[in-house]
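Just need the structure, nothing else, for what follows:
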Amino acid sequence: MQPGKTILYYVHDPMCSWCWGFRPTWLKVQKALPENVSVVSLLGGLAADTSQPMPDAMQQKISAIWRTIQQQIPATTFNFDFWIQNTPKRSTYPACRAIIAARQQNPSLEQVMILAIQQAYYLKAINPSESKILVQLADKLGLDTDLFARDLVSEQTQQILLDEIHMAKSLGVQGFPSLVLANKGDYSMINIDYTQPDVILQQINTLAYLD
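Residues are numbered from 1 along each chain as shown. As a prediction, this is how the structure comes out:
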């Protein structure tokens with residue numbers, strides 16, 4: 001971090017349901033940030049690679065979390081057909097690598113890919129743990145699918161993901177989404193309010209030592 005530069009780290013996972021619920025508020029926060037605060041997104045890597053089907057108990061647990069989110073963040077929509085139409089896997093690393101692969105081809109499509117994965121998962125009941133699904137999403141975004149498919153499984157992409165996970169842990173992040181403000185050598189965890197952007201912005205404005 002450059003001396004005197006204020007950075008707001010946003011640690012997330014494209015298959016984190018709380019991140020999906022937080023999205024509308026997070027967009028409002030970003031639009032209202034002070035000019036001297038820059039946003040850096042880090043992938044947290046919620047669940048490592050696996051080819052094993054998700055146990056029934058975990059499916060029920062995550063489905064229950066979706067319902068909790070709908071209660072706490074009423075505007076959030078989930079398509080529960082996902083649990084009927086797919087063989088879920090507790091694996092979000094492929095989706096995380098897809099974000100990196102998209103970013104490497106076209107940085108302006110990073111956020112677009114995040115939304116595409118979220119919409120596929122939560123609204124269309126499509127499983128973004130599957131590489132073929134991620135390649136299809138890349139194709140719809142106009143990315144070079146051959147290059148994307150290679151990057152999706154490359155050692156370089158995996159290392160970038162691991163580096164971002166390590167960075168997030170070094171910031172003290174233990175869950176997603178998380179916000180950490182880095183200012184003048186100090187690192188402060190921002191308490192997240194899922195429905196009130198002003199609550200988040202007040203913390204940032206206070207900690208950023210604004211004139």
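
can you pull the buried residues of the strand or helix carrying W26?
According to DSSP states H and E, W26 maps onto helix 17-32. For helix 17-32, a neighbour-count test (16 or more other CB atoms under 10 Å) marks S17, W18, C19, W20, G21, F22, R23, T25, W26, V29 as buried. Yep, even glycine has a C-beta here, placed from its N, CA and C like the rest.

who's in contact with the last one?
Residues counted as contacts of V29 (CB atoms under 8 Å, 6 or more residues apart in numbering) are P197, I200, L201, I204.

I figured the last one hits Y10, correct?
It refers to I204. No. At 11.7 Å, I204 does not count as touching Y10 under the criterion of CB atoms under 8 Å.

returning to what we had before: output the following helix or strand past the helix holding W26 as CSV - backbone C-alpha positions only.
Per DSSP H and E, helix 17-32 leads on to strand 37-43 as the next helix or strand towards the C-terminus. Taking Å, rounded to 0.1, in the frame of the first residue of the first chain, the C-alpha atoms of strand 37-43 are listed here in CSV:
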residue,chain,number,x,y,z
VAL,A,37,-10.8,5.8,-1.0
SER,A,38,-9.9,3.2,-3.6
VAL,A,39,-11.6,-0.3,-3.6
VAL,A,40,-9.6,-3.4,-4.0
SER,A,41,-11.5,-6.7,-4.3
LEU,A,42,-10.0,-9.9,-2.9
LEU,A,43,-11.4,-13.4,-3.5
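
what pairs with strand 37-43, and is each one parallel or antiparallel?
Strand pairing for strand 37-43, using DSSP bridges, gives strand 6-12 (parallel).

and the partner strand, which residues are buried?
Under the neighbour-count criterion of 16+ other CB under 10 Å, strand 6-12 has T6, L8, Y9, Y10, V11, H12 buried.

Correct me if wrong: the second one contacts V180.
So the one you mean is L8. Yes. Assessed by CB under 8 Å, L8 is found in contact with V180 at 7.5 Å.

Common neighbours of the two, please.
I190.

now A95: how far from A116?
For A95, the distance to A116 equals 10 Å [CB to CB, to the nearest Å].
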